[in-house]
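[1] Provided below are the primary sequence and the corresponding predicted coordinates.
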Amino acid sequence: MLLLNLPYFGCVAHWALLASGECYAFDIKGRHQRRTFRTRTIIGMANGEQALTVPTESNYSKPYHDILINDDTDWRHQHLYALMSAYSNTPFYEYYIDDIKKVIEGNWTSIWEMNMELHRVIAKLLDIPFEPILSEEEMKEKMNDGILRDLRIGIEPKYQFRLQEGMHIEEYYQVFSERCGFRPWLSISDLLFNMGPESRLVLQAMTK
């Protein structure tokens, strides 16, 4: 069984784990940390990579589950504009952006709640099951006959490579590849907008 944190969007490696068919749980009680992928995702722009960060309250003593979104800035518009700038010329942007936009523009207070809904929507677009374990009781029950792989540290940018261990780099079409070369491990939005229905096959090939 996999033990993961719940990121904002999540990188391609994170979603390859979710698509692998292995049972997984999300850490609810872990303390919030600054500058992690819980509030950040990396997209591919024409001139490089760009981080999209959701601003949150500054009380980092609380569990991640209780951290609130800070709406003092117009971050929703900024993120949607960045996604449009990066992916409006991809084959599948127009097919998926409305579903993602609806989540980002939702009236969320908790970053956990927004990320959960974003995962549900993306899993539906990828056509993969989304059945995370969210209780300690169910986790203990599933652990009776299995081995736990604790990959929560992969939520930190400097340790994201831990999510990728044992995976193949599966190259796929990227709209800026001729200019920038292939860039692996970007946000799942990069794969989704570039590859559409074939995204699930790319993810599954990464863990074979």
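    Right, received. Where do you want to start?

[2] Every contact and neighbour count from this point should use C-alpha atoms.
    Fine.

[3] What's the local residue count around residue 45?
    Residue 45 has 17 neighbouring residues, counting by other Cα atoms under 10 Å.

[4] Show me what residue 40 is bridged to.
    residue 53 (DSSP bridges).

[5] show me the contacts for it.
    Taking Cα atoms under 8 Å, 6 or more residues apart in numbering, we find residue 40 in contact with 7, 8, 51, 52, 53, 54.

[6] What of residue 175?
    Neighbours of residue 175 in contact, by Cα under 8 Å, 6+ apart: 87, 89, 90, 194.

[7] Nearest spatial neighbour of the first one, chain-adjacent residues omitted?
    Right, the one you point to is residue 87. residue 93 (6.1 Å; Cα to Cα, 6 or more residues apart in numbering).

[8] Correct me if wrong: the one you found contacts residue 85.
    No - contact criterion Cα atoms under 8 Å: residue 93 and residue 85 do not qualify, at 10.8 Å.

[9] and those two? which has more neighbours close in?
    Legend: neighbour count by other Cα under 10 Å for residue 93 and residue 85, higher for residue 93 (21 against 13).

[10] Could you find the closest non-adjacent residue to residue 203?
    Nearest one to residue 203, counting by Cα to Cα, 6+ apart, is residue 16 at 4.6 Å.

[11] What backbone torsions are found at that neighbour?
    When read as degrees, to the nearest 10, the backbone of residue 16 gives phi -60, psi -40.

[12] swap in residue 150?
    phi -90, psi 100.

[13] wait, isn't it in contact with residue 5?
    No - the criterion here is Cα under 8 Å, and residue 150 misses it with residue 5 at 9.6 Å.

[14] out of the two, which sits in the busier spot?
    residue 5 (23 against 17).
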